[in-house]
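> got a predicted structure plus its sequence, pasted below:
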Amino acid sequence: MTQTETLAHEPRTFEQLIAAGERIEPRDAMPDAYRATLIRQIAQHAHSEIIGMQPEGDWLTRAPSLRRKAVLLAKVQDEAGHGLYLYCAAETLGADRADLTANLIEGRQKYSSIFNYPTLSYADVGVIGWLVDGAAICNQVPLCRSSYGPYGRAMIRVCKEESFHQRQGYELLVTMMAGTREQQEMVQDAVNRWWWPALMMFGPPDTDSPNTAQSMAWGIKRHTNDELRQRFVDMSVPQAHALGVTLPDPDLCWDERRGSHDFGQPDWSELARVIKGDGPCNAERLARRRAAHENGAWVREAATAFAARQRQAVVA
Amino acid sequence: MSQTQESWPLYEVFVRARRGLNHVHVGSIHAADDEMALRHARDVFTRRNEGVSIWAVRSDLIAASSPGEKDAFFAPSGDKVYRHPTFYQIPDTVPHM
């Protein structure tokens, strides 16, 4: 038996575990700020999955074929599942599920700004899968190694399923690009509208992201916003080329010296506006989530009453 | 919202991926009763044939060791190196051991 195995039974401090690159688990001691930061980040992530059902859900009844409808339904159902994996990870930190729902509906916690943009045509479903889920994958793959065990494990499940999301979107676009001139223009139009909001998904530039250093020290975040944004651009350019669409950025070009693409900056004031609540669909998204919650109240009450009656029947 | 409604209890979910494997913890869900817990667990954790069997257990019924206990709960196994096969010196010439 080795020395380390013997020592493994001595309780280690939070700082020792983080320094050793080990995971923090729910009942471990942890700094209050670490717990609060994680709850905020995981809740925001969960809310994004839940609100993220809406833009594509709008097209469920108008899918062009039964195949596309089944695929989209499965995708939207996955988003609900992802939200639930993440809510349960937040609950291991002491957050209460009902409070999390209330925090979303009453605007006390945020969700990703990307879901405040409208889906104007079926090409948007494809572009969301390709670019929005592609950006999400860039963000989420490193989170599989998050220092907080339950978050990392939830992200592993999410990432496995996101791959289906991205591929179904890209395949949809390939199909449309092989179609009529009008269909090709729909794809290009959707790319034009979603490209910049997709770049904003990585958050503000590093120079304007004050919490990044602490989150990286804690192992909650593994790469900076700008690193991930660069990775996403470098991945997307050849995919756009293969698809036959143009990314709407005149500054986009290959930089031989860096071995990466140079690209323009999104309109950061737009991101600030959308986060503040002033995006095209913020009010609609929240109103719909609230209505779904309120309209489901009788179901929750009925199930609770049924369970109580079953328990009484067992006792009697 | 949370004030007016009795919240559903939390269940921990364990899934057996295939015959021959143990059930493994995969996460948790809320449900009003045991049957709903199994249905929710199926919908949330086995959308892609991830399991052939599910256990759902009320979280508040699980007895768990505490990681922070000063007198380490696992100490009894810490100093018993003779429980491991590598503790014993066997001549290299002895086969099959």
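Received it, and whenever you're ready, just let me know what you need.

> check the separation of the first and last residues in stretch A:141-160.
Start-to-end span of stretch A:141-160 (C-alpha to C-alpha, to the nearest Å) is 10 Å.

> mind checking how far it is from the chain centre?
Taking C-alpha atoms, centre = their mean, to the nearest Å, one finds stretch A:141-160 lying 12 Å from the centre of the chain it belongs to.

> and the contacts of it?
Defining contact as C-beta atoms under 8 Å, 6 or more residues apart in numbering or on different chains, one finds that stretch A:141-160 is touched by A:18, A:23-26, A:38, A:42, A:82, A:85-86, A:88-89, A:92-93, A:137, A:140, A:218-223, A:228, B:26-27. (Each C-beta comes from the backbone N, C-alpha and C, glycine too.)

> put the buried members of these into a ChimeraX selection.
Only the buried members of the contacts of stretch A:141-160 enter the following ChimeraX selection, criterion being 16 or more other C-beta atoms under 10 Å in any protein chain shown:
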select /A:18,23,24,38,42,82,85,86,88,89,92,93,137,140,218,219,220,221,222,223,228 /B:26,27
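
> inside strands: which ones of the contacts of stretch A:141-160?
Mapping the contacts of stretch A:141-160 onto strands (DSSP state E) picks out B:Val26, B:Gly27.

> and the helices in the stretch 201-316 of chain A?
A:212-217, A:225-243, A:268-273, A:282-295, A:297-315 (DSSP state H, counting those that start in this stretch).

> out of those helices, which comes closest to chain B?
Closest approach to chain B among the helices of the stretch 201-316 of chain A is made by helix A:297-315 (3.8 Å; C-beta to the nearest C-beta).

> buried residues in that closest one, which are they?
Buried residues in helix A:297-315 (16+ other C-beta under 10 Å): A:Arg300, A:Thr304, A:Ala307.

> and the worst-scoring helix or strand of chain B on mean pLDDT, how far from the chain's centre?
Ranked by mean pLDDT, DSSP states H and E, the weakest helix or strand in chain B is helix B:75-78, scoring a mean of 74. Offset of helix B:75-78 from its chain centre (C-alpha atoms, centre = their mean): 21 Å.

> give me the residue from chain A nearest chain B.
Residue of chain A nearest chain B, by C-beta to the nearest C-beta: A:Ala98 (3.4 Å).

> interface residues of chain B facing chain A?
With C-beta under 8 Å from any C-beta of the partner chain as the criterion, chain B meets chain A at residues B:1-2, B:5-8, B:10, B:26-30, B:32-33, B:36, B:43-44, B:47-48, B:64, B:66-70, B:72, B:74-75, B:77-79, B:81, B:84, B:86-87.

> can you turn the buried part of the residues you listed into a ChimeraX selection?
Selection of buried members from the residues of chain B next to chain A for ChimeraX, criterion 16+ other C-beta under 10 Å:
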select /B:8,10,26,27,28,29,30,32,33,36,44
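
> ok, now which ones touch residue 58?
Picked chain A for this. A:Thr119.

> that was the other one, I meant chain B.
With C-beta under 8 Å, 6+ apart, B:Arg58 has these contacts: B:Pro9, B:Leu10, B:Tyr11, B:Glu12.

> out of those residues, the closest to chain A would be?
Chain A has its nearest neighbour among the contacts of B:Arg58 in B:Leu10, at 6.9 Å by C-beta to the nearest C-beta.

> what is the end-to-end distance of stretch B:25-41?
11 Å.

> do the same with stretch A:107-126
Termini of stretch A:107-126 sit 29 Å apart (C-alpha to C-alpha).

> stretch A:171-182 too?
Start and end residues of stretch A:171-182 are separated by 18 Å (C-alpha to C-alpha).

> so where's the chain uncertain?
All of this refers to chain A. Within chain A, the segments meeting pLDDT under 70 span A:1-10.

> chain B was what I was after
Applying pLDDT under 70 to chain B flags residues B:1-6, B:68-71.

> how about a cut-off of 50?
B:1-4 (pLDDT under 50).

> what's the single longest helix in it?
As assigned by DSSP state H, the longest helix anywhere in chain B is helix B:34-45.

> for the helix or strand just after it, buried residues please.
Counting by DSSP states H and E, the next helix or strand C-terminal to helix B:34-45 is strand B:53-58. Neighbour counts over strand B:53-58 (16+ other C-beta under 10 Å) mark B:Ile54, B:Trp55, B:Ala56 as buried.

> export the residues you listed to CSV and tack on distance to A:Leu72?
Formatted as CSV, the buried residues of strand B:53-58 follow (distance: C-beta to C-beta, whole Å):
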residue, distance to A:Leu72
B:Ile54, 27
B:Trp55, 32
B:Ala56, 29
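
> looking at these, which is nearest chain A?
So of the buried residues of strand B:53-58, ranked by how close each gets to chain A (C-beta to the nearest C-beta), first place is B:Ala56, at 12.7 Å.
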